[in-house]
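Chemist: fold the following, please.
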Amino acid sequence: MAMRRLRVYTGPETEQQSASSLLERPADDSVRIALGDVLPLLADAFVSNRTWLNDFRDEEIAISSDLHDVLQAYRHFRRPGA
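Modeler: As a prediction, the model looks like this:
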């Protein structure tokens with residue numbers, strides 16, 4: 001198992017690192033995890049109104065196309081009066 005490195009926030013990035021370079025992170029920043037492992041934690045954080053969850057509100061996640069289809073259908077039929 002790969003060792004995870006702790007990074008300490010030391011303030012704003014210097015001007016040398018542009019916004020575009022921040023978006024070009026190497027692939028090793030990603031972690032694959034089963035949805036069943038992360039959902040209970042996210043659900044608890046949401047119900048408990050944890051402020052750190054808002055820090056990740058704009059994060060993008062990768063999901064399979066079939067899960068996306070199911071979520072879209074669920075969103076459609078979940079509307080009141082549907």
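Chemist: helix or strand for residue 69, which one?
Modeler: Using DSSP states H and E, residue 69 maps to helix 65-78.
Chemist: off-centre distance for the host helix or strand of residue 41?
Modeler: Applying DSSP H and E as the criterion places residue 41 in helix 35-47. For helix 35-47, the separation from the chain centroid amounts to 12 Å (computed by CA atoms, centre = their mean, to the nearest Å).
Chemist: what's next to it, contact-wise?
Modeler: With CB atoms under 8 Å, 6 or more residues apart in numbering as the contact definition, helix 35-47 has outside contacts at 52-53, 67. Yep, even glycine has a C-beta here, placed from its N, CA and C like the rest.
Chemist: quick check: buried residues in the helix holding residue 69?
Modeler: Residues of helix 65-78 classed as buried by neighbour count (16 or more other CB atoms under 10 Å): none.
Chemist: alpha carbons of that helix, in CSV - could you do that?
Modeler: Taking Å, rounded to 0.1, in the frame of the first residue of the first chain, the C-alpha atoms of helix 65-78 are listed here in CSV:
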residue,chain,number,x,y,z
SER,A,65,-21.9,5.8,-16.6
ASP,A,66,-24.5,3.3,-15.3
LEU,A,67,-24.5,4.9,-11.9
HIS,A,68,-24.9,8.3,-13.6
ASP,A,69,-27.9,7.0,-15.5
VAL,A,70,-29.5,5.7,-12.3
LEU,A,71,-28.9,8.9,-10.5
GLN,A,72,-30.4,10.9,-13.3
ALA,A,73,-33.5,8.7,-13.4
TYR,A,74,-33.8,9.0,-9.6
ARG,A,75,-33.5,12.8,-9.8
HIS,A,76,-36.3,12.8,-12.4
PHE,A,77,-38.7,10.6,-10.5
ARG,A,78,-37.9,12.1,-7.1
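Chemist: any low-confidence regions in the chain?
Modeler: Within the chain, the stretches with pLDDT under 70 are 1-3, 6, 13-28, 81-82.
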